[in-house]
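[1] Structural data only, the sequence is not supplied:
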């Protein structure tokens, strides 16, 4: 998390960004291996948003920090080239994850007599419409369940050059246009199309771009040692109150029922659907406001920054610094855990061991990427 608020930022890498991104990766991994008791501890139980929203927001912040310098130094071609190189890397990783997930499902069916995985997560389309599946997957028109955040991120990264160029000149105009696109997508139900199945992307880029753009604007300001949103006591109280409201909502069913009735009444009275629903696909207002309130509130206290410098947070920071390979490994391991659970059923001890082993494997990969000696180029 960067300085949407808080003490004056420096252009140095913010430890909060790595720590919270690492935490989001752990929670995504836990949630992608469903029906385990650790799911009850992830942030989706305590507010309207979940780790995916946090990951996209922080990815936007990281992109703003990483790429805005090229455009500020009037070297846009280098910046564009780096963005496109990253897009290509993410595409390759997405295809690799998809292929491995298919292999895990097939192995569970072939070797362990557990065909259930072949019926889940959109894998069944391979059997029903193999030619359409083989076209849809590389074109990103068909995405397996739990393997749909990287296509979103890939599309959002393509926004980086024009958004940074505009944000360095007219940041509020860029923000306004982004809000308009989000609102129009929600009101008109406009989405990227699926293929070969009907419908749209589970994570609609036209809606999620607003969260990413807000992250970009935050990262651009951080890179310039500025703050995008200042620390205001009344805003701290407001965001803290909203977080408390969402916590009570999620933990008190009677209160949630009462409040949902109020939202339905507002919708019946003409309030836009995207403002009153909890759609993840269209990133409806309650989810969007929750992750923004959480980011603002946490980043407004110096104690959070100090805590992220502590040694106890170092493993999370390591995961956050190597987000792409960690996410890829976590997704593959989550599919493997799901396959095991289709064979063994529910087992608290086994679930705990598999989740713990998966997190340790991700830490091992992150450490190898971070600290393994890089080969030196040998001159002829």
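    Right, received. Where do you want to start? Not measured: the values here are computed from a predicted model. Numbers count the residues shown, from 1 in each chain.
[2] Tell me where the stretch 251-380 of the chain has helices.
    For the stretch 251-380 of the chain, applying DSSP state H, counting those that start in this stretch gives helices covering 253-268, 273-276, 285-299, 302-308, 314-321, 323-344, 348-371.
[3] and residue 210, which of those helices is closest to it?
    Comparing the helices of the stretch 251-380 of the chain against residue 210 with Cβ to Cβ, the closest turns out to be helix 285-299 (6.9 Å). Every residue, glycine included, has its C-beta placed from N, CA and C.
[4] Contacts for that closest one, please.
    1-6, 16, 20, 47-49, 53-54, 57, 182, 210-211, 214, 229, 235-236, 238-240, 242-243, 246, 274-280, 304 (Cβ atoms under 8 Å, 6 or more residues apart in numbering).
[5] Where does pLDDT dip in this structure?
    1-13, 375-380 (pLDDT under 70).
[6] Determine the longest helix present in it.
    helix 76-111 (DSSP state H).
[7] Pull out the buried residues from stretch 204-220.
    204-220 (16 or more other Cβ atoms under 10 Å).
[8] re earlier: mark which of the contacts of helix 285-299 are part of helices, please.
    Per DSSP H, those map to helices at 16, 20, 53-54, 57, 182, 210-211, 214, 235-236, 238-240, 242-243, 246, 274-276, 304.
[9] ChimeraX command for the buried members of those residues?
    Buried subset of these, written as a ChimeraX selection, criterion 16+ other Cβ under 10 Å:
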select :16,20,53,54,57,182,210,211,214,235,239,242,243,246,274,275,276,304
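[10] same for the longest helix of the chain, what does it pack against?
    Secondary-structure packing of helix 76-111 (3 or more Cβ pairs under 8 Å, 6 or more residues apart in numbering; DSSP states H and E): helix 51-72, helix 149-157, helix 160-167, helix 323-344.
[11] right, and these - which one's nearest residue 93?
    helix 323-344 (5.1 Å).
[12] Now do that closest one and helix 149-157, the angle between them.
    Angle, helix 323-344 to helix 149-157, by axes from the mean of the first three to the mean of the last three Cα atoms, to 10 degrees: 160 degrees.
[13] For helix 323-344, name the packing helices and strands.
    Helix 323-344 packs on helix 15-31, helix 76-111, helix 348-371, going by 3+ Cβ pairs under 8 Å, 6+ apart.
[14] go again using 10 Å as the cut-off
    Packed against helix 323-344, as judged by 3 or more Cβ pairs under 10 Å, 6 or more residues apart in numbering; DSSP states H and E, are the following elements: helix 15-31, helix 51-72, helix 76-111, helix 149-157, helix 314-321, helix 348-371.
[15] would TSV of those helices with distance to residue 188 be doable?
    What follows is those, written out as TSV (distance: least, Cβ to Cβ, whole Å):
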stretch	distance to residue 188
helix 15-31	30
helix 51-72	22
helix 76-111	27
helix 149-157	19
helix 314-321	36
helix 348-371	39
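[16] Would you confirm that residue 356 contacts residue 38?
    Yes - Residue 356 lies in contact with residue 38 (Cβ atoms under 10 Å); the separation is 9.3 Å.
[17] higher neighbour count, those two?
    Taking neighbours as other Cβ atoms under 10 Å, residue 356 and residue 38 compare with residue 38 leading, 17 against 11.
[18] Touching, that one and residue 337? I think so.
    No - in terms of Cβ under 10 Å, residue 38 does not count as a neighbour of residue 337; the distance is 11.5 Å.
[19] Which residues are in contact with each of these two?
    29-30, 351, 355 (Cβ atoms under 10 Å, 6 or more residues apart in numbering).
[20] For PyMOL, write the select line for the buried members of these.
    Entered in PyMOL, the line below selects the buried ones among the shared contacts of residue 38 and residue 337, by 16+ other Cβ under 10 Å:
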select buried, resi 29+30+351+355
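[21] and the two most separated of the shared contacts of residue 38 and residue 337?
    Most distant of these, by Cβ to Cβ, are 29 and 351, 12.6 Å apart.
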